[in-house]
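Asker: I'll drop the sequence and a predicted model, then ask my questions.
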Amino acid sequence: SYIDDCHEQLRRDAHFLCSDKRMDTELVDCLVLQLNRIHPQILSDKEAHKFRDLSVPTKVRLAELLEHLRGKGEEACHEFYRGLHILAENVYARLPSRVTRRGSMFFMSCFGFAVGVAMLYYYGEGETLRRTGPFLHGSAAGLRKGAEDVFISYIEVGKRKT
């Protein structure tokens, strides 16, 4: 589940977060204050003061904050992500853990759709399902040679069956 993965995600996202210029002093301070005010069990007043110390460079404070949150466990990591999502959607959306998840879901949904349409065409009966032939043929035109051969073979097998 999402919450169970937060600890590991934060470990993977830490480098990106610490190197992203959008994670400036103001944003880090806002995250620290939000965690401190809403979840004092995650970030006490003393800890919040430490992570807001302007004599320490922002990137160092951020790295220490992330390590601290990982040490606090899953709930702390989850609340950090929730705060980041609220305060900096543009950073949150580009996290390596978010991009990977979204990319694999997109691939699976496209692949599932293509297989479903091919199966309907290949195993389907009646004129309604046979009308998918032009769709599959048109889809294959925009694909690489290997995928195009697969779709065209479905079309050719389907035409032989009729």
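Answerer: Done, it's in.
Asker: which regions of this protein lie under the pLDDT threshold?
Answerer: For the chain, the stretches flagged by pLDDT under 70 are 1-4, 100-162.
Asker: ok, which stretches of it are helices?
Answerer: Secondary structure of the chain by DSSP state H: the helices cover 2-19, 25-38, 45-51, 58-72, 74-87, 89-92, 96-123, 126-130, 132-141, 145-161.
Asker: And the third one, what's buried?
Answerer: Taking 16 or more other CB atoms under 10 Å as the neighbour-count basis, helix 45-51 is seen to contain the buried residues Glu47, Ala48, Lys50, Phe51. Quick note: C-beta positions are derived from backbone N, CA and C, even for glycine.
Asker: For Cys18, see how far away the last one is.
Answerer: This means Phe51. Distance from Phe51 to Cys18, counting by CB to CB, to the nearest Å: 13 Å.
Asker: Ok, the third one next?
Answerer: According to CB to CB, Lys50 stands 17 Å off from Cys18.
Asker: Distance of the nearest residue to Thr58 once chain neighbours are set aside relative to Asp13?
Answerer: Nearest residue to Thr58, sequence neighbours excluded (CB to CB, 6 or more residues apart in numbering): Thr25, at 4.7 Å. Using CB to CB, one obtains 19 Å as the distance from Thr25 to Asp13.
Asker: which of the two has more neighbours?
Answerer: Shown here are Thr25 and Asp13; by other CB atoms under 10 Å, Asp13 has more neighbours (24 against 14).
Asker: any idea how far that one lies from Arg98?
Answerer: Per CB to CB, Asp13 is found 8 Å from Arg98.
Asker: Kindly report the same for Cys30.
Answerer: Going from Cys30 to Arg98 by CB to CB gives 20 Å.
Asker: Going by distance to Ala76, which of the buried residues of helix 45-51 wins?
Answerer: Glu47 (11.0 Å; CB to CB).
Asker: Quick one: residues contacting that closest one.
Answerer: Asn36, His68 (CB atoms under 8 Å, 6 or more residues apart in numbering).
Asker: And Ala48, by the same measure?
Answerer: Under the criterion of CB under 8 Å, 6+ apart, the neighbours of Ala48 are Val32, Leu33, Leu35, Asn36.
Asker: By neighbours, which of these wins?
Answerer: Each of those was scored for neighbours by other CB under 10 Å, and Leu35 scores highest at 26 neighbours.
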